[in-house]
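J.: Quick one: sequence plus predicted model below, questions after.
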Amino acid sequence: MSADDMKAFIAALDRLPTGYGEGSYRGVRWGATLSVSADAKRRWLWGEALDGSFTVSFNLYMLAAGPALRPCEMPAADVIAFVLGYIPDAAA
């Protein structure tokens, strides 16, 4: 992943609300939980299509050498596409 792609990924991740929320991705309803460590050096996300068809999960570590994306048993491309394309529901 290029530095610009990583910046776009992190910017999209920053726009997501922490905690559990629902939204849509590629026309499917999803539930997603984003957690951030107290020092903000680790973020982890678990997302699941509410129809049970797919999940997405990853850890992002903010290291001195730069960000390190660690998908959980899936291609990084799937994680990136989800974060860039997920649209959380508007807060009520």
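T.: That came through fine.
J.: Quick one: mean pLDDT for the single longest helix found in the chain?
T.: Longest helix of the chain, by residue count under DSSP state H: helix 3-14. Here helix 3-14 scores 92 as its mean pLDDT.
J.: Which secondary structure elements does the helix or strand just after it sit against?
T.: Later in the chain than helix 3-14, the nearest helix or strand by DSSP states H and E is strand 19-25. Here strand 19-25 touches strand 28-36, strand 87-88, going by 3 or more Cβ pairs under 8 Å, 6 or more residues apart in numbering; DSSP states H and E. In this view, the C-beta of every residue, glycine as well, is placed from N, C-alpha and C.
J.: secondary structure class for the spatially most central residue of the chain?
T.: Geometric centre of the chain, nearest residue: residue 83, 4.5 Å, by Cα atoms, centre = their mean. Following DSSP: H, G, I helix; E, B strand; the rest coil, residue 83 is assigned to helix.
J.: so it touches residue 8, yeah?
T.: No. Residue 83 is not in contact with residue 8 according to Cβ atoms under 8 Å; the separation is 9.3 Å.
J.: Please name the bridge partners of residue 21.
T.: For residue 21, the beta-bridge partners are residue 32 (DSSP bridges).
J.: Quickly note the distance from it to residue 32.
T.: 6 Å (Cβ to Cβ, to the nearest Å).
J.: Give me the more crowded residue out of these two.
T.: Legend: neighbour count by other Cβ atoms under 10 Å for residue 21 and residue 32, higher for residue 32 (21 against 17).
J.: CA atoms only: put the helix or strand bottoming out on mean pLDDT in the chain into CSV for me.
T.: Every helix and strand of the chain was ranked by mean pLDDT, DSSP states H and E. The lowest is helix 3-14, at a mean of 92. C-alpha atoms of helix 3-14 as CSV (Å, rounded to 0.1, in the frame of the first residue of the first chain):
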residue,chain,number,x,y,z
ALA,A,3,1.8,6.2,1.6
ASP,A,4,-1.1,8.1,-0.1
ASP,A,5,-3.3,5.0,0.0
MET,A,6,-2.6,4.6,3.7
LYS,A,7,-3.4,8.2,4.4
ALA,A,8,-6.7,7.8,2.6
PHE,A,9,-7.4,4.6,4.6
ILE,A,10,-6.6,6.3,7.9
ALA,A,11,-8.7,9.4,7.0
ALA,A,12,-11.7,7.2,6.2
LEU,A,13,-11.2,5.2,9.4
ASP,A,14,-11.0,8.5,11.4
